[in-house]
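A.B. asks: Would you be able to build a 3D model of this:
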Amino acid sequence: MFNALILEQHDKKTIAEIRQIDESRLPNEEILVAVDYSSINYKDGLAITGKGRVIKAFPAIPGIDLAGTVLQSNDQRYPVGSKIISTGWGVGESYWGGLAEKVALKADWLVPLTDGLSTKNAMKIGTAGLTAMLCVQALIDADIKPDDGEILVTGASGGVGSTAITLLAQLGYKAVAVTGRAKENSELLTTLGATRIIERGEFEEPARALEQQHWAGAIDTVGSKVLAKVLSQMNYNGAVAACGLAGGFDLPTTVMPFILRGVKLLGIDSVYCEYDKRVQAWQRLTTLLPEKFYQQACTEISLNETIHYAEKIINGQVTGRTVVKL
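C.D. replies: Take a look at the predicted model:
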């Protein structure tokens with residue numbers, strides 16, 4: 001028997017409960033993992049509260065991120081006792097996820113824990129940090145250099161945004177943070193490396209087709225009218241890495257930024273990202289993130305607190321990452 005957060009649906013309403021289940025109920029997969037740490041992402045918040053169509057079948061165990069120790073293995077890449085990370089691949093959505101003391105997974109969904117990284121710090125990074133690294137790398141690949149100008153980061157108080165701010169600062173970029181909680185989080189964001197803070201309200205007004213140029217690059221976690229506003233303000237040949245839709249999945253813009261300023265809109269996916277790119281991203285994260293990131297941008301909770309924190313993350317009341325100790 002082991003403890004898990006179980007989601008069930010009754011009369012189209014999601015019911016979340018912490019309870020024990022038998023190991024025999026786990027799916028028959030290649031790797032059995034003892035979960036050390038998981039986390040709560042925005043997607044987990046949607047699943048646990050039932051406010052988004054995240055879970056594909058009930059009963060379910062959410063948790064799209066996990067790190068732990070291999071207990072049983074049918075794959076020589078991951079011997080018993082080795083440490084692993086799992087993010088993406090529908091885990092916590094279509095398959096039982098990391099908000100449990102044990103989980104059964106396909107070997108291809110895993111990456112080895114990077115040397116120098118603990119399972120706890122891996123979950124302080126999680127899907128949010130992996131996505132942030134992929135966004136930063138996309139801007140680098142688009143030839144956006146530190147001397148080209150400021151890099152805007154929307155949703156900067158969240159997990160992706162706060163990690164992106166840190167990574168950009170470590171690489172010598174001038175990172176500008178956009179947040180709806182500037183008063184509460186300006187000190188933290190400045191500590192992580194933001195050169196200045198902008199209130200989100202400035203980006204919520206409808207965008208004109210083209211506005212004054214401000215940004216050499218941008219990382220957007222919000223979507224909708226915020227992304228439209230960002231696109232209208234990009235420098236000539238600027239690039240925007242888009243990875244989120246917290247503000248909506250529509251995009252009320254025109255082709256003007258793309259055909260008159262050569263702006264590039266780069267879509268970032270961390271769910272089905274290929275193995276080699278994942279491994280490279282985890283290695284860069286381990287190298288680039290300073291100790292202050294792990295100390296200041298994360299909160300640790302127990303499994304029993306996850307339901308409460310799911311509500312908080314959906315209501316925009318959580319700064320940085322939230323890790324769950326199993």
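A.B. asks: Which neighbours in the sheet does whichever strand or helix holds Val176 have, and how are they oriented?
C.D. replies: Val176 is part of strand 175-179 when elements are defined by DSSP states H and E. Here strand 175-179 has these sheet partners by DSSP bridges: strand 151-153 (parallel), strand 194-199 (parallel).
A.B. asks: How about residues contacting the longest one?
C.D. replies: For strand 194-199, the external contacting residues (CB atoms under 8 Å, 6 or more residues apart in numbering) are 150, 153, 156, 165, 169, 174-180, 182, 186, 189-190. Glycine gets a C-beta too; all of them are placed from N, C-alpha and C.
A.B. asks: can you do 10 Å?
C.D. replies: 150-154, 156-157, 161-162, 165-166, 168-169, 173-183, 185-190 (CB atoms under 10 Å, 6 or more residues apart in numbering).
A.B. asks: and that strand, average pLDDT?
C.D. replies: The average of the pLDDT scores along strand 194-199 is 92.
A.B. asks: what do you get for the shortest one?
C.D. replies: Here strand 151-153 scores 97 as its mean pLDDT.
A.B. asks: how big is the angle separating the helix or strand following that strand from strand 175-179?
C.D. replies: With elements assigned by DSSP H and E, the helix or strand that comes after strand 151-153 is helix 159-170. Going by axes from the mean of the first three to the mean of the last three CA atoms, to 10 degrees, helix 159-170 is angled at 160 degrees with respect to strand 175-179.
A.B. asks: Just the endpoints, please. Distance across stretch 41-56?
C.D. replies: Stretch 41-56 stretches 17 Å from its first residue to its last (CA to CA, to the nearest Å).
A.B. asks: now the end-to-end length of stretch 263-281.
C.D. replies: By CA to CA, the extent of stretch 263-281 from end to end equals 25 Å.
A.B. asks: Secondary structure element holding the most centrally placed residue in the chain?
C.D. replies: Central residue of the chain (CA atoms, centre = their mean): Ala128, 1.8 Å from the mean position. Element membership of Ala128, judged by DSSP H and E, is helix 119-141.
A.B. asks: so that helix versus strand 175-179, what angle?
C.D. replies: In terms of direction (the same axes, to 10 degrees), helix 119-141 departs from strand 175-179 by 110 degrees.
A.B. asks: mean confidence for helix 119-141?
C.D. replies: Mean pLDDT, helix 119-141: 95.
A.B. asks: Same check on stretch 243-253?
C.D. replies: Stretch 243-253 comes out at a mean pLDDT of 85.
A.B. asks: Which residues belonging to it are considered buried?
C.D. replies: Buried residues in stretch 243-253, counting neighbours by 16 or more other CB atoms under 10 Å, are found at Cys243, Gly244, Leu245, Ala246, Gly247, Thr253.
A.B. asks: Pull the number of nearby residues for Arg208.
C.D. replies: 13 (other CB atoms under 10 Å).
A.B. asks: okay, it: pLDDT?
C.D. replies: pLDDT, read off for Arg208, is 90.
A.B. asks: Is it in contact with Thr254, as I believe?
C.D. replies: Yes - counting by CB atoms under 10 Å, Thr254 is a contact partner of Arg208 at 9.3 Å.
A.B. asks: ok, and the closest non-adjacent residue to His214?
C.D. replies: Spatially, and ignoring its direct neighbours in sequence, His214 is nearest to Gln233 (4.6 Å; CB to CB, 6 or more residues apart in numbering).
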